[in-house]
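Undergrad: Got a predicted model here, sequence first, then my questions.
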Amino acid sequence: MLMTDALLSSVEQLFSLATLVSMMIGVMAGVVAAAIPGFTITMAIVLTLPVTFTMSPLQGVATMLAVYVGGGSGGLISAALLGIPGTPSAVATTFDAYPMARKGEPGRALALGIWASFFGALVSAVVLIVAAPPLAMIAVKLGPWEYFSLILFAVTVVASLVGKSVLKGLMMSLLGLFIATVGQDPMMGVPRFTFGIDVLAAGFPFLVVLIGIFAVSQLASEVENPSELQQGKALVSGSMQFRPFAVMREVLSRPVNLLRSSLLGVVIGAVPGAGGSIANLIAYDQAKRASKTPERFGTGIADGVVASESGNSATAGGGLIPMIALGIPGSAVDAVLMAALMVQGVSVGPRLIMDNADLVYGMFLAMFLAAGMVLVFCLISMRWFLRITEIPKSIIVPVVLVCCAVGALALNNRVTDLYLLIGVGLVGYLLAKLDYPLAPLVLGVILGPIAETNLRRALMADEDWTLFFTRPISAGLLVLAVLSVAFTVRRLLQQRAAARA
Amino acid sequence: MSKDAEMVSRPARETSSEHGKAVANVIFNAVLAALFVGLFVQAGDLPSSMWEPLGAGSFPRLILGALVIFNLAIVVQSMAALRVTDRSASAGARQWFLQRRLAFATLAAFAVYALLMPWIGFALASLLFLLAVQFILGARRGRRLLIAALVAVIFGLGLYMLFSHVFLISLPAGRLW
């Protein structure tokens, strides 16, 4: 099929009424679902999958992309207004969007995030189309050695990123990695550290840890102060100013930050397994390091919101690169998308672009279309999302807790997961009160099984452990990991010295 | 993180707790270190594999070993902090818990909710939980109590309908009926 024919055919299929309507519903569902803590983008897409069976391949995959792109922005809403990341990809978004909302500018925080998400998705769609093959070639060259080193790098970056003590940060990362080992061993299926207790038999599902740490313990600290509650005080107060175009200019006036974060998101998204949650944190970290005023990060500044939100949205396009070019899903979401295509009888692999050009071009176009739909939907409904801030805590806390219970149950429908949820929530609450950063723990739990699998696979392929240090990319990543800790220790020591002087 | 924002927004309420925190850190990390040493020993019994150089136990032991080192480092650091902080300015543990009684009450209600759910089902348990927590958090009488009851009914049943019928997530129906 000629390229123009394929393009025209995909336009014709995509701009049919049925596809546009199902994409619009997908966008709304994605935004709302991701805004609910514990309801991840992955879960929303998994729930969308059965609905797409009756659709044509392009309509089905376009609808799922719409949920995906919508979810990328939806996580922002609860991150900004509640300080709870609606999805794992919005962890770094809470660092600046929430303080900004608390300082009385919730409208600005949301609009900044929405525009940053839009431009991030746009940039990623462009990169996906232009640079898919070479980027995928790099990603696919990573062996288990590089992959293990990449995870170590990600963990150390996060540990040094948050909190005031590197020691505590690294301890929490390791604790997360350890928690992930409870349950079945990923390669042999041997039960570990379960002590014959039923609740522990399946290990700690990462979603339960995430909801417990970021939702339950966060909600607990929200209701600490009795006097605040008696007044029925909302989580966020302040003016609900609504100036989308002024904010658009504000976002576009940071082209370097926007482009760097988006491109980082694309590259991280293209690495299998490393998705929005890592891109979100690393884009934020890089923006902080490049900034002339890094100490203002975390106080509610625009740069932090722009970096974190454009970074996580850009992984959508990045994750599609290895999936389309090589049939390797870039993330759990891409794996579900791939499954959807396979159900439709489309074989996914290197020949996909050649055999189903109209489908692939349709997916490219659907990315742009979905980004536009999310922008319009979010900007229109933003006033309505802001109403959340007017609800008193005494109502929002129990309702969100019930949603957390649903989130934990939706995973496996096990009531024992609820007990784990409460345990994790209580421990998380106490840890936060003792100044332990919680984000490294969650990242450790998510990355633990991947780290272990790759470490063991590397040593299975070759028993020589020095390969981690002699393979150039792996060695480079390890050096970066050490440097990120060293720089943070130096920065903290300087701060301490300055504080003493 | 949001924790920093909290400290900015309510600095006055935070009693000086550096000393208490240092004590808690020493105890917490010492307990963890002991636990992890135990788990490290126990992980030695995990089977190795004939197909790979690392068995089921190696990765956990690597992590546990590193954890113990970090725990001990934090203990040392906190001991040093103990010497420089002022004991008299610190609030007692009892007062610390009392100040946060609403947070602990909410978590306790959540625990009761989870324990009741398999028996009375998601919908009724949610309804009761929503009512109870709103009551705990201040909806004691009059209009606020009425709103709380409405919220409990609408969200308790509404969320159940939404998730079980629209999103098709199976939720506990209750064993008693």
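TA: Structure's in. What do you need?
Undergrad: and B:Leu124, how many neighbours?
TA: By other CB atoms under 10 Å in any protein chain shown, 18 other residues sit near B:Leu124. Just so you know, the C-beta spots here come from the backbone N, C-alpha and C atoms, and that holds for glycine as well.
Undergrad: wait, what's in contact with it?
TA: B:Gly156, B:Gly174 (CB atoms under 8 Å, 6 or more residues apart in numbering or on different chains).
Undergrad: roughly how far is whichever strand or helix holds it from the heart of the chain?
TA: Assigned by DSSP states H and E, B:Leu124 belongs to helix B:122-136. Centroid displacement of helix B:122-136 relative to its chain, using CA atoms, centre = their mean, to the nearest Å, is 19 Å.
Undergrad: Could you point out the helix or strand that follows that helix?
TA: Next along the chain from helix B:122-136, counting by DSSP H and E, comes helix B:142-161.
Undergrad: got the contact list for A:Pro449?
TA: By CB under 8 Å, 6+ apart, the residues touching A:Pro449 are A:Ala180, A:Pro186.
Undergrad: Ok, A:Ser165 next?
TA: Neighbour list for A:Ser165: A:Asp435, A:Leu492, B:Gln77 [criterion: CB under 8 Å, 6+ apart].
Undergrad: how about the CA coordinates for the helix holding B:Leu124, as CSV?
TA: Extracted C-alpha coordinates of helix B:122-136, given in CSV (Å, rounded to 0.1, in the frame of the first residue of the first chain):
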residue,chain,number,x,y,z
PHE,B,122,-19.4,-3.5,50.4
ALA,B,123,-22.5,-1.3,50.0
LEU,B,124,-23.7,-1.4,53.6
ALA,B,125,-20.1,-1.3,55.0
SER,B,126,-19.3,1.8,52.9
LEU,B,127,-22.5,3.5,54.0
LEU,B,128,-21.7,2.9,57.7
PHE,B,129,-18.1,3.9,57.2
LEU,B,130,-19.0,7.1,55.4
LEU,B,131,-21.4,8.1,58.2
ALA,B,132,-19.0,7.1,61.0
VAL,B,133,-16.0,9.0,59.6
GLN,B,134,-18.0,12.1,58.9
PHE,B,135,-19.3,12.0,62.4
ILE,B,136,-15.8,11.6,63.8
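Undergrad: Measure how it sits relative to helix B:142-161, angle-wise.
TA: Orientation of helix B:122-136 against helix B:142-161 (axes from the mean of the first three to the mean of the last three CA atoms, to 10 degrees) gives an angle of 150 degrees.
Undergrad: quick one: low-confidence parts of chain B?
TA: For chain B, applying pLDDT under 70 flags the ranges B:1-17, B:50, B:86-91, B:166-168, B:177.
Undergrad: Enumerate every residue touching the residue nearest the centre of it.
TA: The residue lying closest to the centre of chain B (CA atoms, centre = their mean) is B:Leu107, at 7.9 Å. Residues in contact with B:Leu107 (CB under 8 Å, 6+ apart) are A:Val216, A:Ala220, A:Ile422, A:Gly425, A:Leu426, A:Tyr429.
Undergrad: Would you quantify the distance from it to A:Gly104?
TA: 30 Å (CB to CB, to the nearest Å).
Undergrad: can you check B:Gly138 too?
TA: From B:Gly138 across to A:Gly104, the span is 24 Å (CB to CB).
Undergrad: Those two: which is more packed in?
TA: B:Gly138 (20 against 15).
Undergrad: Could you check how many residues crowd around the residue lying closest to A:Val399 once chain neighbours are set aside?
TA: Once flanking residues are discounted, A:Val399 sits nearest to B:Phe155: 5.2 Å by CB to CB, 6 or more residues apart in numbering or on different chains. Using other CB under 10 Å, B:Phe155 has 19 neighbouring residues.
Undergrad: Next SSE downstream of the one helix or strand in chain A whose mean pLDDT sits lowest?
TA: Sorting the helices and strands of chain A by mean pLDDT, DSSP states H and E puts helix A:226-230 at the bottom, at a mean of 55. Using DSSP H and E, the next helix or strand after helix A:226-230 towards the C-terminus is helix A:244-252.
Undergrad: Please point out which parts of the very next helix or strand once past that following helix sit buried.
TA: Using DSSP H and E, the helix or strand that follows helix A:244-252 in sequence is helix A:255-270. Of the residues in helix A:255-270, those buried by neighbour count under the rule 16 or more other CB atoms under 10 Å in any protein chain shown are A:257-258, A:260-270.
Undergrad: pLDDT and distance to A:Ala18 added to the residues you listed, as a markdown table?
TA: Below are these laid out as a markdown table (pLDDT from 0 to 100; distance: CB to CB, whole Å):
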| residue | pLDDT | distance to A:Ala18 |
| --- | --- | --- |
| A:Asn257 | 87 | 39 |
| A:Leu258 | 85 | 34 |
| A:Arg260 | 89 | 39 |
| A:Ser261 | 89 | 35 |
| A:Ser262 | 90 | 31 |
| A:Leu263 | 89 | 35 |
| A:Leu264 | 88 | 36 |
| A:Gly265 | 88 | 31 |
| A:Val266 | 86 | 31 |
| A:Val267 | 83 | 35 |
| A:Ile268 | 81 | 34 |
| A:Gly269 | 79 | 29 |
| A:Ala270 | 72 | 31 |
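Undergrad: Looking at those, which is nearest chain B?
TA: Of all the buried residues of helix A:255-270, A:Ser261 has the smallest distance to chain B: 19.1 Å, by CB to the nearest CB.
Undergrad: The closest one and A:Leu441, how far apart?
TA: 24 Å.
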